Each structure stands twice: as C-alpha cells, then as structure tokens.
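Undergrad: just coords:
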C-alpha cells in the first residue's frame, strides 16, 4: 500500500499537528507514503471563485506529479479532498477541459496529466483500502468509555458528484473508525454541516454562530471530543470556540462552558494505537485536550 | 409492503410543542411520500396538514424534511427512501416558522426573492430585444432559471440558519439569472447592492443548496459566478472580495497559502480590523500555528509562478 501524500497548506502551516500525527499513524500502520514536497495549494475553492481554469491548472500539476510517480494521492484535508478530488473527476471526464488545461500546464511546467490518478482521503483509505478489520489489530489502547462526536464538514461529502465515497445523507465512515478504536460515536444533528471557517476572517458573527451550534450540539449529545477529517474544520471549531462560548453562555447561562477538544482524525487513531499525546502534536490545540487524555488514561 | 411513516404533528391551538405520530400504510413501487400523505389524510387522519399541488415536481409546494433532508414529497418514492434510511420520518421544512404540521410560513423566503428585484427593469419596453442579443443567454444562465421556488435551498442554507437576514441561495441565484439578461438595465446597481451585508459574501459555500435542489439550479455556483462578476466589475473593496484577491496573491507568489500572510493582506490599511485580529494572532503564535510570513517561499513555488504567468497571458 503506497500513496503520493499531499499534505495540504494547513498540514504544513497552521495545523502542523495534522502532518505530525498523519506521519505517526501511516508509519505505525505500515502505509508507505511519498510526500509531494513540492506541492501547491489546491485553491480551496477560493482560487476557483476568481478563475476556475487557474484552479484546474494548479490541481492538474499536483495530479500530473503523482501520475509520474505511478501513485494514487492520499489527502488528509476534507477541503483538499473535495477540491483536488473534484477537479480530478472533472479532468478525467471532460476531455476538452483536460486538453485545454494540459496545453497551459505543458507550456508553463512541461507536465501533462493523462487522468489515471485517484484521490483518496486518509479516512477513506483507512475504511476501504486498509480496512477496519486490519486497523483493529493495531489498536493497543482502545478508547473504551470515550464518546466521540464525528464531524465531517462539507467538502468530504458535498457535492456528491465530486466525492462519492460516503452517502452524504447519512455518512458512516467516521462512525466505523470510531467504533474500530473502541470508542462510542455519538449521534447528533450537526455532523455534516459547515464549521464556519470559510468566513472566519470576514464574517465573524456567522462563523462564531456556527461553531456554537456545532459544538453545543455535540456536547448535548454527550461527546467528550469531536473528530474531523478536515483541518479547516479543526481551525474553525478550535480557534473560534472561546468566542462561541460567549454566545453559548448568553443563551444557556453564565456557567455553561463548551471545552470541547477538536481532534484531527489521525490524532484520534494515533491515541488508540498507543502514541503519546505529545507525539501527536496536542500541544498545538487552543482548546486543551488534557481532560480528554486524562479520561482516556 | 407495510411501512411505518412517522410524521411531525403540531397544532398551535392544541399543542405546546411538536410530537411524532406513526401511521402504518401499504406502499408499492409507485407510492411517493406525497401519495402516502394523501392516503393518510383521506383514510386515517383528516386533520393532517400539508401543502401540495401539481404532484409532479413542478409547483414546488410539497418541500419537507424527509429523514432530515429537504426533499419534494412528490419526487420521493417511499420504498426507495425506506431502503436507503431504514425509516421514514417526515417533518416541516427546517429553519422556517411552522404554521401547522408540515405547513410552514414561506414569507421569509418570498421577502428575500422580492429584495433582489426579481424581474427585468427596462425603459425600452416598446422596442423588442433582438434575437441575437438573447441567443447566448441560455448558456450563460447555467440553469439558474429552472428554480421552482420550493425553498429547499433556503431551508438547508447553513448561513441562513445562524443569520436570518442573509438573502439566501434562491434569491441570489435569481439575482444571477437577471445579471446575465441583456435586457436588464439595473445590472450594475443590483450587483452593487449584493455586495452589502447579507449579500453574496455571507455564503460559506457549504454546498447544501447544490445538494438539495430538486432542479439542479446549483445556487451556490450562481453565487460564485456573482462573486466573479463582482470582482471583474471592480467591486473589490468588500472583505469577501479581498479574501479572494489576497488568497490568489499569496498562492501566486508562494505556491501555497501562508495563513499569517492572508489576514495581513486582507486587512492591510484597515487598522481597526487589524487590531481586532491581534489577540487571535498571538494565541496562534503561542501554539506554534502561525507560519513565518518572512520565510523563503517553499519548494515548488517557481512552477506555480510559471502557471500564474501562463494564465495571465
């Protein structure tokens, strides 16, 4: 099992713990990865808003690089998966688009994309390629008595035409992984909604309002922590939780706290594999993971 | 096959809060959720209230929550839905005021549609538009004219859920529809008004509207097109527009996003906003989450610069 690993901007930037925990988990499981160390941004849907062809070009470069290695791509970000994976599906299906993009790609970088690569999120790889039964064998520290609220976010599910792994109406892959590591997946309404991060800088009230809804909903359902396959969701729910707590207290009472640790998927898997919280980069979280770690131990 | 359908009931004259009521019906391959509801109303409980009209996914009246998702009752086969979700739970459209049972007040929806001036405004009504001017409009519409005003997108809109004044997907897709109509004479004014609070920049791109629309209008994609038109028309001062231009600039130089540079570029010159960001910036710095804005550009940036240069040709 070998993949071209696409760390994404967040994994190499504001969420270094995502890259750190990913490497611990893939090494621990024996999944071989070749890091695309000259990778570029997928555009996060933002560049595509200004210039769709520019976004296709950036993603075609990534795809062509993996194609030259003869490998499928592993992503660790829900947004990268949606954008890069979605661009891949369009480039594979629409020959005219691929030819047009290849012309500019060749002129600027000498590369060409033939359309042979598959883009898979680590979450999908663990569920399908690696398999939950195989994963079970690596669980040395089952998280018994721990309730985890799965938070999918948007781009790993929607639009279905760009993703197509989980059933967007009732996704189950995070639940399967949570059960595999011995924890309990809590049921709550908000697991497939937006974390607010896309408007974090420009529309703070909207972003914070969303965080309050998502986190309080997970909390009411009994979650000890939330887990997400998207570092942007992590940032939205973690960075913004203190401001969201103020709204929460206005609604529910001054003593109501959120205190919800937001874990990246590989951090959660890593804990169950017996890796230390430090080695999974927990010190980078704004909301402390200490009470959760205490409960696990 | 005998199927249990759970329906949310609420009569404001009798009930304190909504409750679920189960009905057991015989469903065949041809039974839609709407046919089931009609059967229940006719044969089991005449007090059940819901809206419906054409029964053929054209009028948009019978949008409701079916197993938690916005769907047209007339377009949803009972057996397929049951096989998919192992249950059938029906409720009124989410995020709308409930009048009774499955009937909601659509006033918030219509107010938003009216707010964008949903019609062609022209002084030259006497002079017919040449057919050549209208020839390409169909392609440019991108299906934005297919809306049946069912309200699915607004009900599912994640921004609307927390910000009720947001114009919402249906109204903005409608605005796009007139934005590409060559007969319309207020296109610039309309586009300018959409830059304001509660306009196009409040969309979080959660893709819910695209997913639930029964007519493939893809409202979010129309909102994105309005954003493109805004930037192309020089409406670049909003913080939403700056997000796009700054993002493009950072990636164009470095090949990747630098999360420290982006907010600095977005708010450059706006001292109030810059000061507001300091506490969060410091917290991120303390937790090792602020990439160095002065670090040399990462490997691969030269290829990306070449791509940007090629694209600008």
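TA: Thanks, I have it. Note that this is a predicted model, so its numbers are computed, not measured.
Undergrad: Next SSE downstream of the helix or strand bottoming out on mean pLDDT in chain B?
TA: When each helix and strand of chain B is scored by mean pLDDT, DSSP states H and E, helix B:131-135 comes last, with a mean of 78. Using DSSP states H and E, the helix or strand that follows helix B:131-135 in sequence is helix B:137-141.
Undergrad: buried residues in that following helix?
TA: Residues of helix B:137-141 classed as buried under the neighbour-count rule (16 or more other Cβ atoms under 10 Å in any protein chain shown) are residue B:141. Every C-beta, even on glycine, is put in place using the N, C-alpha and C of the backbone.
Undergrad: what's the following helix or strand after it?
TA: helix B:152-156.
Undergrad: for that following helix, the distance to its chain's centre please.
TA: Relative to its chain's centre, helix B:152-156 lies at 7 Å (Cα atoms, centre = their mean, to the nearest Å).
Undergrad: Run through the neighbouring helices and strands of the least confident helix or strand of chain B.
TA: Packing contacts for helix B:131-135, counted by 3 or more Cβ pairs under 8 Å, 6 or more residues apart in numbering or on different chains; DSSP states H and E, involve no helix or strand.
Undergrad: What lies in contact with it?
TA: Helix B:131-135 has contacts (Cβ atoms under 8 Å, 6 or more residues apart in numbering or on different chains) with B:182-183.
Undergrad: Show me how far that helix is from its chain's centre.
TA: For helix B:131-135, the separation from the chain centroid amounts to 30 Å (computed by Cα atoms, centre = their mean).
Undergrad: what's the answer for stretch A:270-279, then?
TA: 18 Å.
Undergrad: distance between the ends of that stretch?
TA: 9 Å (Cα to Cα, to the nearest Å).
Undergrad: what about it, near chain B?
TA: No - shown here: stretch A:270-279 not in contact with chain B (Cβ under 8 Å from any Cβ of the partner chain), separated by at least 12.7 Å.
Undergrad: Can you list the buried residues in that stretch?
TA: A:270-273, A:275, A:277.
Undergrad: With respect to chain B, which of the residues you listed is nearest?
TA: residue A:277 (14.2 Å; Cβ to the nearest Cβ).
Undergrad: Quick check: the closest one vs residue A:293, distance?
TA: Per Cβ to Cβ, to the nearest Å, residue A:277 is found 5 Å from residue A:293.
Undergrad: and if you look at residue A:175?
TA: Counting by Cβ to Cβ, the gap from residue A:175 to residue A:293 is 22 Å.
Undergrad: ok, and the closest non-adjacent residue to residue 98?
TA: Since no chain was named, I'll use chain A. Take residue A:98 and drop its neighbours on the chain: the residue closest to it by Cβ to Cβ, 6 or more residues apart in numbering or on different chains is residue A:91, 4.8 Å away.
Undergrad: Please refer instead to chain B.
TA: That would be residue B:92: by Cβ to Cβ, 6+ apart, it lies 4.9 Å from residue B:98.
Undergrad: Kindly report the same for residue B:199.
TA: Leaving aside its chain neighbours, residue B:199 sits nearest to residue B:167 (6.0 Å; criterion: Cβ to Cβ, 6+ apart).
Undergrad: For residue B:13, give me the backbone phi and psi.
TA: phi -80, psi -20 (degrees, to the nearest 10).
Undergrad: how deep is it tucked in, by neighbour count?
TA: For residue B:13, the count of nearby residues is 5 (other Cβ atoms under 10 Å in any protein chain shown).
Undergrad: Identify the residues contacting it.
TA: With Cβ under 8 Å, 6+ apart, residue B:13 has no contacts at all.
Undergrad: Where does pLDDT dip in chain A?
TA: Judged against pLDDT under 70, chain A has no low-scoring part.
Undergrad: all strands of it, in order?
TA: Here chain A has its strands, by DSSP state E, at A:2-6, A:32-35, A:72-75, A:119-121, A:147-150, A:184-185, A:225-228, A:262-264.
Undergrad: could I get the ones you listed as CSV with distance to chain B?
TA: CSV is the format used below for these (distance: least, Cβ to the nearest Cβ, whole Å):
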stretch, distance to chain B
strand A:2-6, 11
strand A:32-35, 11
strand A:72-75, 15
strand A:119-121, 16
strand A:147-150, 15
strand A:184-185, 17
strand A:225-228, 15
strand A:262-264, 13
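Undergrad: most packed of those?
TA: Most buried of the strands of chain A by mean neighbour count (mean count of other Cβ atoms under 10 Å in any protein chain shown) is strand A:262-264; its value is a mean of 29.
Undergrad: how many other residues sit next to residue B:313?
TA: Neighbour tally, residue B:313, other Cβ under 10 Å: 7.
Undergrad: next one: residue B:285
TA: The local packing of residue B:285 (other Cβ under 10 Å) involves 11 other residues.
Undergrad: Checking it next. Helix, strand or coil?
TA: Secondary structure assignment for residue B:285 (DSSP: H, G, I helix; E, B strand; the rest coil): helix.
Undergrad: wait, what's in contact with it?
TA: So residue B:285 contacts nothing (Cβ under 8 Å, 6+ apart).
Undergrad: Tell me the spacing between it and chain A.
TA: 11 Å (Cβ to the nearest Cβ, to the nearest Å).
Undergrad: and the stretch 101-250 of chain B, which residues reach chain A?
TA: Neighbours of chain A within the stretch 101-250 of chain B, by Cβ under 8 Å from any Cβ: B:158-159, B:161-163, B:166, B:201-202, B:204-208, B:210-211, B:224, B:227-228, B:231, B:239-240, B:242-245, B:247-248.
Undergrad: Neighbour count says what about these? Which are buried?
TA: B:158-159, B:161-163, B:166, B:201-202, B:204-208, B:210-211, B:224, B:227-228, B:231, B:239-240, B:242-244, B:247-248.
Undergrad: Skipping its backbone neighbours, what lies nearest the most centrally placed residue in chain B in space?
TA: The residue lying closest to the centre of chain B (Cα atoms, centre = their mean) is residue B:169, at 3.3 Å. Nearest residue to residue B:169 in three dimensions, chain neighbours excluded: residue B:219, at 3.3 Å (Cβ to Cβ, 6+ apart).
Undergrad: How about residue A:183?
TA: In this structure, residue A:183 finds its nearest non-sequential neighbour in residue A:143, 4.0 Å apart by Cβ to Cβ, 6+ apart.
Undergrad: now for stretch B:187-207, what's the gap between its first and last residues?
TA: End to end - Cα to Cα - stretch B:187-207 spans 26 Å.
Undergrad: Work out the gap between that stretch and the centre of the chain.
TA: Stretch B:187-207 sits 12 Å away from the centroid of its parent chain (Cα atoms, centre = their mean).
Undergrad: Of all the residues in that stretch, which ones are buried?
TA: Here stretch B:187-207 shows B:187, B:190-191, B:194-195, B:198-207 as buried, counting by 16+ other Cβ under 10 Å.
Undergrad: Can you show me the helices along chain A?
TA: With DSSP state H as the criterion, chain A has helices at A:8-11, A:16-29, A:46-50, A:52-69, A:78-93, A:95-109, A:122-124, A:132-136, A:173-180, A:204-220, A:231-239, A:241-252, A:265-272, A:290-296.
Undergrad: And chain B, is the first one touching that?
TA: This points to helix A:8-11. Yes - for helix A:8-11, a contact with chain B is found by Cβ under 8 Å from any Cβ, at A:9-10.
Undergrad: helices or strands up against that helix?
TA: helix A:16-29, helix A:231-239.
Undergrad: Please identify the deepest-packed of those.
TA: Of these, helix A:231-239 is the most buried (mean count of other Cβ under 10 Å), at a mean of 28.
Undergrad: Would you mind pulling the contact partners of that one?
TA: For helix A:231-239, using Cβ under 8 Å, 6+ apart, the contacting residues are A:8, A:10-11, A:14-15, A:18, A:44, A:76-79, A:151, A:153, A:195-198, A:200, A:207, A:210-211, A:214-215, A:226, A:228, A:260, A:262-264, A:285-287, B:280, B:283-284.
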